[in-house]
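K.L.:
Fold the following.
(one chain, ligands or ions: 2)
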Amino acid sequence: MIYDHILVRYGELTLKGANRKTFVSQLRSNVKSALMPLKGYEVKANRDRMYIKLEPEADIEEMIRRISKVYGVHSISPVMKMDKTMDDVYEQAITFAEEYEKGNSFKIEVKRSDKQFEYDTYDIQRAVGGAILKNVDDLHVDVKHPDHEIRVEVRLDAIYMYDRVIPAIGGLPVGTGGKTLLMLSGGIDSPVAGMEVMRRGVTIEAIHFHSPPFTSEKAKEKVIELTRIMATHVGTIKLHIVPFTEVQKQIHKVVHERYTMTSTRRLMLRIADKVVHQIGADAIVNGENLGQVASQTLKSMYAINAVTTTPILRPLLSLDKSDIIEKAKAIGTFETSIQPYEDCCTIFTPKNPVTEPQYEKVVQYESGFDFEEMIQRAVDNIETLVIDKNYDIHQTEKNSWADDLF
Ligand code: ATP
Ligand code: MG
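P.N.:
Ligands and ions are numbered 1, 2, ... in the order given. Below is the predicted model:
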C-alpha cells in the first residue's frame, strides 16, 4: 500500500479554546457520517488536522471523494506515515516516484516542524531527490514547474509523506452555526441557497409546499431527490412537506387575481414561521434573487416579508442566474431541478401578476378571510421525512414517515 492515512486539513478554523474544540469535534462527526457505511478506517482528529488511519481494504478514492464534500474540510492528502529514519523516507519516496510517467519532473518539498530532527531541510531535500534519481529511471528535477511534488513533513510524532493535495469544499462544519428552515421548491435556486448557508456551518431543515392534485407526486419526489442530494454533503436533512391545497384555493377565492402570487408567498411564510419556532430554528432561507421574477422586486419582498420578524436569509439575492446555475451544477442539483414537474406556484400563477404590490392592498384582500385556522391545520398535517444520501423514496413511502418531530 502506498498510503496508510488520509490527512484532512481544516478550513478557516481560526477559533481558539473551547470553540475550536466544538468545531473540530463537529467536523469529525460530519466526516464520519459522510464515510458511512464504508469500512476499514479509524478517524483521529486533533486541534490542527485530522488523520484517518486506513486498513488495507479501505477504498481510498471513494473516501476522498466523500470527504471533499464535507464543509469545513479545506484539502485532503493521502499520506504515508513513517518512523523518523531516513531509510524509510528514501524507500517511500522511491515508491511514489515509481508510479510517475517516464520523462516527468518532480520536486521535493520539506517541512520540518521537529527542530530537533538530526537532518535539516536542505539535507533531506537533497538526499531524497538523490535517492529517486539514483533508483528510478527517466525522471528529472524541476523546482519551478514540477509534474509531481513530494512533500515530506517532519513532525514530532512521525514523518508524513504525500504527493497529492486535493482541494475540498471549504466553509465551516455544519452544526456549528445554528439552525435555519430552507424554503425548498423544486427549482434551481432554493437548493443552492440552502447549500450556501450550510457552507457557513448552519444546519438546515427544509420545508416544501405541496398542492395535490394540482401538483403531482412526481413534483414531491423531485423535492425529496433534491434533499437527498443536499444530504450527501451533511449526512441527513429533515424535509417538512406541507399540504397547501386548501390554503391556495382559499387565496384564489378572496384575493384579487393579480395579487394571488404575493398572498401565496405571504401564507407560505406564515406557515414557515410557525415551523421555525417548532423546530427551534432562528431564520428562514429562500432562493429569492433580486429582479429575477415578478415576486422578487423590492416592493414584493417588502409586502411578503411583512408577515414575520424572523430573519429571512437570501444568499442568492445579488447573484447572476448563470452563477447560480454553475453552483447548482457543482452541488449536483441542477439536472434534477430542471425536470419539468410543476411546483404549486406555477400552476396557480396568474397571467399578469403585479410586480410592485402595495402592502396595504394585499393586507386588505387577505382580511376577507381569517386564515389562521387553516394555517394551523396545514402545520398539523405536515409530513416529515428524514432524508439521507441513501434515501429510497419507494421504500420510505411504505413504512417510515418520520413521526418523531413536533
Ligand atoms: P426556485 O428556483 O428556488 O424555485 P424561483 O426563481 O422559481 O426559485 P420563486 O418561484 O419566486 O423563485 O420562489 C422564490 C422562493 O420561494 C424559492 O426560491 C423558494 O425558496 C420559495 N418557494 C417557492 N415555491 C415554494 C414551494 N412550493 N415550497 C417551498 N418554498 C417555495
Ligand atoms: Mg420556483
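K.L.:
Would you list the phi and psi of the residue in the stretch 251-400 of the chain positioned nearest to ligand 1?
P.N.:
In the stretch 251-400 of the chain, the residue that lies nearest ligand 1 is Gly287 (2.5 Å; CB to the nearest ligand atom). All C-beta spots, glycine's among them, are computed from the backbone N, C-alpha and C. When read as degrees, to the nearest 10, the backbone of Gly287 gives phi -100, psi 20.
K.L.:
show me what contacts it?
P.N.:
When contacts are counted by CB atoms under 8 Å, 6 or more residues apart in numbering, Gly287 touches 183, 185, 187-193, 314, 316.
K.L.:
any chance of those residues in CSV, with neighbour count too?
P.N.:
CSV is the format used below for those (neighbours: other CB atoms under 10 Å):
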residue, neighbour count
Met183, 22
Ser185, 22
Gly187, 20
Ile188, 21
Asp189, 25
Ser190, 25
Pro191, 28
Val192, 27
Ala193, 27
Arg314, 19
Leu316, 24
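K.L.:
Which of those residues sits closest to ligand 1?
P.N.:
Gly187 (2.2 Å).
K.L.:
Return the backbone torsion pair for the residue nearest to the residue of the stretch 251-400 of the chain closest to ligand 1 when sequence neighbours are not counted.
P.N.:
If the residues on either side of it in the chain are set aside, Gly287 comes closest to Asp189, at 3.1 Å by CB to CB, 6 or more residues apart in numbering. The phi and psi values for Asp189, taken as degrees, to the nearest 10, are phi -80, psi -50.
K.L.:
Looking at the helix or strand that contains Gln376 now, give me its mean pLDDT.
P.N.:
Here Gln376, judged by DSSP states H and E, is contained in helix 372-380. Helix 372-380 shows a mean pLDDT of 98.
K.L.:
just stretch 78-85 next, same as before
P.N.:
For stretch 78-85, the mean per-residue pLDDT is 95.
K.L.:
Which single residue in this protein comes nearest to ligand 2?
P.N.:
Going by CB to the ion, ligand 2 is nearest to Gly187 of the chain, at 3.3 Å.
K.L.:
What's the local residue count around the nearest residue to that residue once chain neighbours are set aside?
P.N.:
Residue nearest to Gly187 in three dimensions, not counting chain neighbours: Ser337, with 5.8 Å by CB to CB, 6+ apart. Counted by other CB atoms under 10 Å, the residues lying close to Ser337 total 22.
K.L.:
now do the one 5 residues further on
P.N.:
For Glu342, the number of neighbouring residues by other CB under 10 Å comes to 17.
K.L.:
From Val110, how far off is Glu372?
P.N.:
Distance of Glu372 to Val110, given as CB to CB, to the nearest Å: 69 Å.
K.L.:
Next: Gly201.
P.N.:
Relative to Val110, and taking CB to CB, Gly201 is found at 34 Å.
K.L.:
got a list of what the residue nearest to Gly187 touches?
P.N.:
For Ser337, the contact set (CB under 8 Å, 6+ apart) comprises 186-188, 191, 222, 226, 328.
K.L.:
Next: Tyr3.
P.N.:
For Tyr3, the contact set (CB under 8 Å, 6+ apart) comprises 54, 60, 78-80, 162.
K.L.:
where does this structure have low pLDDT?
P.N.:
1, 13-16, 292, 294-295, 343-347, 394-406 (pLDDT under 70).
K.L.:
residue ranges of the strands in the stretch 51-200 of the chain, please?
P.N.:
73-82, 105-112, 140-141, 148-154, 159-162, 166-170, 179-183 (DSSP state E, counting those that start in this stretch).
K.L.:
Now do the third one: which elements does it pack against?
P.N.:
With contacts taken as 3 or more CB pairs under 8 Å, 6 or more residues apart in numbering; DSSP states H and E, strand 140-141 sits against strand 105-112, helix 121-135.
K.L.:
Figure out which of these is closest to Leu156.
P.N.:
Closest of the helices and strands packed on strand 140-141 to Leu156 is strand 105-112, at 10.8 Å (criterion: CB to CB).
K.L.:
which residues sit against the closest one?
P.N.:
The contact list for strand 105-112 (CB under 8 Å, 6+ apart) reads 93, 97, 100, 120-121, 124-125, 128-129, 132, 139-143, 145-154.
K.L.:
one more time with 6 Å
P.N.:
Strand 105-112 is contacted from outside by 121, 124-125, 128-129, 139-140, 142-143, 146-154, using CB atoms under 6 Å, 6 or more residues apart in numbering.
K.L.:
closest one to ligand 1 among the helices and strands packed on strand 140-141?
P.N.:
Once the helices and strands packed on strand 140-141 are compared by CB to the nearest ligand atom, strand 105-112 is nearest, at 44.7 Å.
K.L.:
Buried ones in the closest one, by neighbour count?
P.N.:
Along strand 105-112, these residues count as buried under the neighbour rule (16 or more other CB atoms under 10 Å): 105-108, 110, 112.
K.L.:
How about stretch 18-37?
P.N.:
23-24, 26-28, 30-31, 33-35.
K.L.:
Among the residues you listed, name the ones in helices.
P.N.:
Using DSSP state H, the members of the buried residues of stretch 18-37 that fall in helices are 23-24, 26-28, 30-31, 33-35.
K.L.:
For those residues, give me a markdown table that also has distance to ligand 2.
P.N.:
Below are these laid out as a markdown table (distance: CB to the ion, whole Å):
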| residue | distance to ligand 2 |
| --- | --- |
| Phe23 | 34 |
| Val24 | 38 |
| Gln26 | 32 |
| Leu27 | 33 |
| Arg28 | 37 |
| Asn30 | 29 |
| Val31 | 33 |
| Ser33 | 30 |
| Ala34 | 29 |
| Leu35 | 34 |
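K.L.:
Residue of the stretch 1-150 of the chain closest to ligand 1, please.
P.N.:
Among the residues of the stretch 1-150 of the chain, Tyr71 lies closest to ligand 1, at 20.4 Å counting by CB to the nearest ligand atom.
K.L.:
Now for that residue: which residues touch it?
P.N.:
By CB under 6 Å, 6+ apart, the contact set of Tyr71 is 169, 171, 174, 199.
K.L.:
any idea how far Ile124 is from it?
P.N.:
35 Å.
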